[in-house]
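A.B. asks: Predicted model, plus sequence, below.
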Amino acid sequence: MKDTFFNYIHKLQDTITSKLEEIDGKSKFKEDVWERPEGGGGRTRVIENGNVFEKGGVNISGVHGKLPKSMQNYFKVGEVDFFACGLSLVLHPKNPMVPTVHANWRYFEMYDDKGKIIDSWFGGGQDLTPYYLFDEDAKHFHQTCKTACDNHNPEFYPKYKARCDAYFYNTHRNEGRGIGGLFFDYCKASETMNMQNWYNFVSEVGNSFLEAYVPIVEKRKDLPYTEAQRNWQEIRRGRYVEFNLVHDKGTLFGLKTNGRIESILMSLPPHVQWVYDHHPEKESEEERLIKILQNPIDWV
């Protein structure tokens with residue numbers, strides 16, 4: 001399974017970066033192939049200063065070796081070997097009318113001292129972080145997520161949507177990072193879903209990403225915006241940074257397994273503001289966004 005999924009994310013990276021370059025029309029992804037001293041490596045692709053994307057990355061990695069002590073404690077296991085691979089992307093558009101997007105699809109295995117698999121699972125998801133909320137965009141993104149889920153189990157979308165709302169939440173701010181999407185983890189073999197079934201589900205979600213995001217970008221990328229709206233975007237990006245550095249498990253896993261720092265922190269936007277005790281104007285579009293982030297709603 002690990003070879004199957006690793007090959008899949010290689011192809012998916014090519015598909016996604018090619019489409020994003022086409023949309024941007026100016027910048028190309030810079031590729032950086034790297035190796036991890038303890039085993040494995042990855043292929044980082046970053047786009048910067050484009051017509052549409054101010055900064056973004058679409059990265060794949062496959063790492064293996066001894067599971068670090070800190071992660072042994074986290075998974076409640078002894079000394080074991082592990083393999084982990086996945087594709088992770090974050091896109092920060094220039095225009096504040098276009099939402100930031102994040103997605104990740106991953107696979108993990110652990111082995112005993114004889115090399116036998118003792119545990120394996122899939123995880124991942126995709127979520128949207130708008131600065132100005134267009135309801136039709138939110139509905140489109142969530143409907144695409146729901147359609148991918150419904151093809152496998154009608155219970156998946158409500159369950160993984162709720163997990164996304166709960167996970168991508170800045171508890172110290174009492175607000176969501178964005179308007180959610182899907183989040184699933186520890187998807188293991190069971191009586192109803194074997195690992196091939198899980199692979200089929202995760203790969204369908206991955207394949208749905210461009211359908212979920214590209215129509216939104218194309219609809220909003222040329223809309224006019226003011227300096228005040230750009231400032232609001234940068235203030236909200238600060239909340240994005242806070243989540244990634246304080247709460248995000250993927251960031252913490254990368255740091256604790258001696259991952260590549262440049263790739264791990266690729267998700268951080270280039271221009272951010274932290275304004276002391278900032279509050280949007282009453283009954284403004286900015287205030288409406290905050291209220292929805294504090295109380296997630298069902299979009300479909």
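C.D. replies: Sure, I can see it.
A.B. asks: What ranges in the chain fall below the confidence cut-off?
C.D. replies: The model of the chain has no residue with pLDDT under 70.
A.B. asks: what about the strands in it?
C.D. replies: 30-35, 40-48, 53-66, 81-93, 100-111, 117-129, 169-170, 175-176, 180-187 (DSSP state E).
A.B. asks: Include distance to residue 286 and mean neighbour count when you put the ones you listed into JSON lines, please.
C.D. replies: (C-beta placed from N, C-alpha, C; glycine too.) Listed next are these as JSON lines, based on distance: least, C-beta to C-beta, whole Å; neighbours: other C-beta atoms under 10 Å:
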{"stretch": "strand 30-35", "distance to residue 286": "34", "mean neighbour count": "12"}
{"stretch": "strand 40-48", "distance to residue 286": "27", "mean neighbour count": "20"}
{"stretch": "strand 53-66", "distance to residue 286": "20", "mean neighbour count": "22"}
{"stretch": "strand 81-93", "distance to residue 286": "18", "mean neighbour count": "23"}
{"stretch": "strand 100-111", "distance to residue 286": "16", "mean neighbour count": "22"}
{"stretch": "strand 117-129", "distance to residue 286": "14", "mean neighbour count": "20"}
{"stretch": "strand 169-170", "distance to residue 286": "17", "mean neighbour count": "18"}
{"stretch": "strand 175-176", "distance to residue 286": "13", "mean neighbour count": "21"}
{"stretch": "strand 180-187", "distance to residue 286": "19", "mean neighbour count": "22"}
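A.B. asks: I'd like these as JSON lines, with distance to residue 224 appended.
C.D. replies: Formatted as JSON lines, the strands of the chain follow (distance: least, C-beta to C-beta, whole Å):
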{"stretch": "strand 30-35", "distance to residue 224": "30"}
{"stretch": "strand 40-48", "distance to residue 224": "23"}
{"stretch": "strand 53-66", "distance to residue 224": "17"}
{"stretch": "strand 81-93", "distance to residue 224": "14"}
{"stretch": "strand 100-111", "distance to residue 224": "19"}
{"stretch": "strand 117-129", "distance to residue 224": "21"}
{"stretch": "strand 169-170", "distance to residue 224": "30"}
{"stretch": "strand 175-176", "distance to residue 224": "27"}
{"stretch": "strand 180-187", "distance to residue 224": "27"}
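A.B. asks: To residue 266, which of those lies closest?
C.D. replies: Nearest to residue 266 among the strands of the chain is strand 53-66 (3.8 Å), distances taken as C-beta to C-beta.
A.B. asks: Helices of the protein, start to end?
C.D. replies: 2-24, 69-75, 135-150, 156-167, 195-207, 209-220, 227-246, 249-256, 261-264, 285-294 (DSSP state H).
A.B. asks: what's next to the first one, contact-wise?
C.D. replies: With C-beta atoms under 8 Å, 6 or more residues apart in numbering as the contact definition, helix 2-24 has outside contacts at 27-29, 43, 45, 47, 50-53, 56, 58-60, 62, 83, 85-87, 89, 91, 105, 107, 109, 122, 199, 202-203, 206-207, 209-210, 214, 217-218, 221.
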